[in-house]
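Q: For reference, the sequence and a predicted model appear below.
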Amino acid sequence: MLGFTAFPGLELVLCGIPSQIVQVVQVVLCGKEGMAEHDPTVEQLTAFAAENVEEDNSVNYKPPAQISIQELQELDQDDESLRKYKETLLGTKTTILADPSLPNVQVMRLTLVCDTASKPLSIDLTKNLETYKKDPFVLKEGVEYRIKISFKVNRDIVSGLKYVQNIQRKGIKLDNAVYMVGSYGPRQNEYDFLTPLEEAPKGLLTRGIYTVKSQFTDDDKHDHLSWEWGLSIKKDWD
């Protein structure tokens with residue numbers, strides 16, 4: 001995720017970025033005269049993006065071969081280690097009665113897990129996703145937090161689940177991250193995935209609203225859910 005460090009200092013200048021891109025950014029951000037004193041400049045945002053966007057945050061991961069539940073159950077039944085693996089993936093009950101009208105993978109909730117938050121920070125991803133673009137989370141600058149994705153697998157084993165996240169501010173991409181969630185079998189209860197601990201950005205220039213584009217996908221590039229939400233970095237929780 002966005003290492004979400006403070007933007008570069010005022011002394012930074014553009015380096016290695018085509019002038020055409022800079023001009024487009026300037027038109028977008030500077031079309032109106034004047035900017036708030038605390039807003040980062042075009043140069044600062046673009047320089048920060050140039051330093052972070054090219055970094056590959058994904059893990060070097062080779063997808064496993066796809067296998068059905070029946071095939072997995074029939075594999076080497078006398079192998080104790082494999083038996084334990086199958087129980088880990090499928091549980092002791094191998095019959096899952098799921099509503100056939102439901103998708104195999106359901107993404108239920110996104111939660112910002114922060115011990116110092118004044119109230120729960122969670123959004124229901126089974127409802128109208130458009131509302132979360134207009135009503136951003138408020139996150140106090142400098143706090144430590146994790147993102148938790150709660151999801152269900154209803155019928156078939158799914159391999160190589162991934163949580164992909166792109167963060168932008170004022171139309172400039174600041175960070176892109178890919179988190180390997182793993183492979184899961186069907187069960188009635190939800191699964192929870194937690195990202196590594198992150199620190200929210202801090203400092204005058206980092207305060208403001210960020211746009212986060214999220215996707216829950218897998219090795220086969222199924223788009224289980226894509227959604228957009230807002231994150232507002234403030235001096236305090238209110």
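A: Yep, it's here.
Q: and Thr95, what pLDDT?
A: At Thr95, the model reports a pLDDT of 57.
Q: Can you show me the helices along this structure?
A: Remark: helices assigned in the chain by DSSP state H are 19-29, 42-52, 69-74, 80-90, 131-134.
Q: buried stuff in the shortest one?
A: By neighbour count, with 16 or more other CB atoms under 10 Å as the criterion, the buried positions of helix 131-134 are Tyr132. Glycine gets a C-beta too; all of them are placed from N, C-alpha and C.
Q: Summarise which helices and strands that helix is packed against.
A: strand 225-234 (3 or more CB pairs under 8 Å, 6 or more residues apart in numbering; DSSP states H and E).
Q: Show me the contact partners of the strand it packs on.
A: Around strand 225-234, the neighbours that count as contacts under CB atoms under 8 Å, 6 or more residues apart in numbering are 107, 110, 123, 125, 129, 132-141, 167, 200-201, 206-216.
Q: go again using 6 Å as the cut-off
A: 107, 129, 132-133, 136-139, 141, 201, 206-207, 209-210, 212-216 (CB atoms under 6 Å, 6 or more residues apart in numbering).
Q: Just list whatever residues bridge to the closest residue to Leu129 other than its chain neighbours.
A: Using CB to CB, 6 or more residues apart in numbering and skipping residues adjacent in sequence, the residue nearest Leu129 is Trp227, 4.5 Å away. Listed by DSSP bridges, the beta-bridge partners for Trp227 are Ser214.
Q: What of the one 4 residues further on?
A: Each beta-bridge partner of Leu231 is listed here, defined by DSSP bridges: Phe137, Tyr210.
Q: where do the strands sit along the chain?
A: 105-113, 121-124, 137-140, 144-153, 158-169, 172-184, 191-194, 198-199, 208-217, 225-234 (DSSP state E).
Q: so which of the ones you listed comes closest to Glu80?
A: Checking the strands of the chain against Glu80 by CB to CB gives strand 172-184 as the closest, at 20.7 Å.
Q: Show me what the closest one is packed up against.
A: Other helices and strands packing on strand 172-184, by 3 or more CB pairs under 6 Å, 6 or more residues apart in numbering; DSSP states H and E, are helix 42-52, strand 158-169.
Q: Just want the angle from that strand to strand 105-113.
A: Interaxial angle, strand 172-184 versus strand 105-113 (axes from the mean of the first three to the mean of the last three CA atoms, to 10 degrees): 120 degrees.
Q: what mean pLDDT does strand 172-184 have?
A: Mean predicted confidence for strand 172-184 is 95.
Q: picking up where we left off before, which among the contacts of strand 225-234 count as buried?
A: By 16+ other CB under 10 Å, those give 107, 129, 132, 136-139, 141, 201, 206-207, 210, 212, 214-216 as buried.
Q: List just the nearest of those to Tyr191.
A: Closest approach to Tyr191 among these (CB to CB): Val107, at 10.4 Å.
Q: Quick one: low-confidence residue ranges for the chain.
A: Applying pLDDT under 70 to the chain flags residues 1-79, 82-97.
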